[in-house]
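K.L.:
3D model of this:
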Amino acid sequence: MEVSPLSSSPFSLEPPRFDNAGLGFVESLCMKGLFFCCLDKKPEGYEIIKRGVEKDSQSHIVWHVYAIALRADKRWEEALDCYKKACAIEKVRYLVTSCPSLSSNFDLFTRIHSIS
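P.N.:
As a prediction, the model looks like this:
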């Protein structure tokens, strides 16, 4: 009997498992919330993003997506807190420094760069 090279692969060929609500990966859940926010369904979008944060509060991507939604609504202080959490988890500053739109608000930009 010949063994398939894929059978010893560390990658699963099975589709991802979903939770009881029919939602998949937490990062995808948060992105869905961000899309809802962009489609003028902000209350529902924020609820979805917050649900993603509750499911995996140790994901830097979840906090980054939450910060993007808050920044789009010009909720600067809350967005800054989310960016700080994302940077604390990832310990890499590219999450914030790679976003050129933050430089438009000089005060926020300089405060973000003071993160240690």
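
K.L.:
Setting aside sequence neighbours, what's the nearest residue to Leu70?
P.N.:
Nearest residue to Leu70 in three dimensions, chain neighbours excluded: Ala79, at 3.9 Å (CB to CB, 6 or more residues apart in numbering). For the C-beta atoms, the positions are set from N, CA and C on the backbone; glycine is no exception.

K.L.:
contacting residues around the closest residue to Lys55 other than its chain neighbours?
P.N.:
Counting by CB to CB, 6+ apart, Val26 is the residue found nearest to Lys55 once chain neighbours are left out, at 4.9 Å. Val26 makes contact with Gly52, Lys55, Asp56, Ser59, Val62, according to CB atoms under 8 Å, 6 or more residues apart in numbering.

K.L.:
next one: Glu27
P.N.:
By CB under 8 Å, 6+ apart, Glu27 lies in contact with Gly52, Ser59, Ile61, Val62, Val65.

K.L.:
can you rerun that using 6 Å?
P.N.:
Counting by CB atoms under 6 Å, 6 or more residues apart in numbering, Glu27 touches Ile61.

K.L.:
tell me the mean pLDDT for the helix or strand harbouring it?
P.N.:
Using DSSP states H and E, the element containing Glu27 is helix 26-38. The average pLDDT within helix 26-38 is 92.

K.L.:
tilt between whichever helix or strand comes after that helix and helix 26-38?
P.N.:
Note on helix 26-38: by DSSP H and E, the next helix or strand toward the C-terminus is helix 42-55. Relative orientation of helix 42-55 and helix 26-38, computed by axes from the mean of the first three to the mean of the last three CA atoms, to 10 degrees: 160 degrees.
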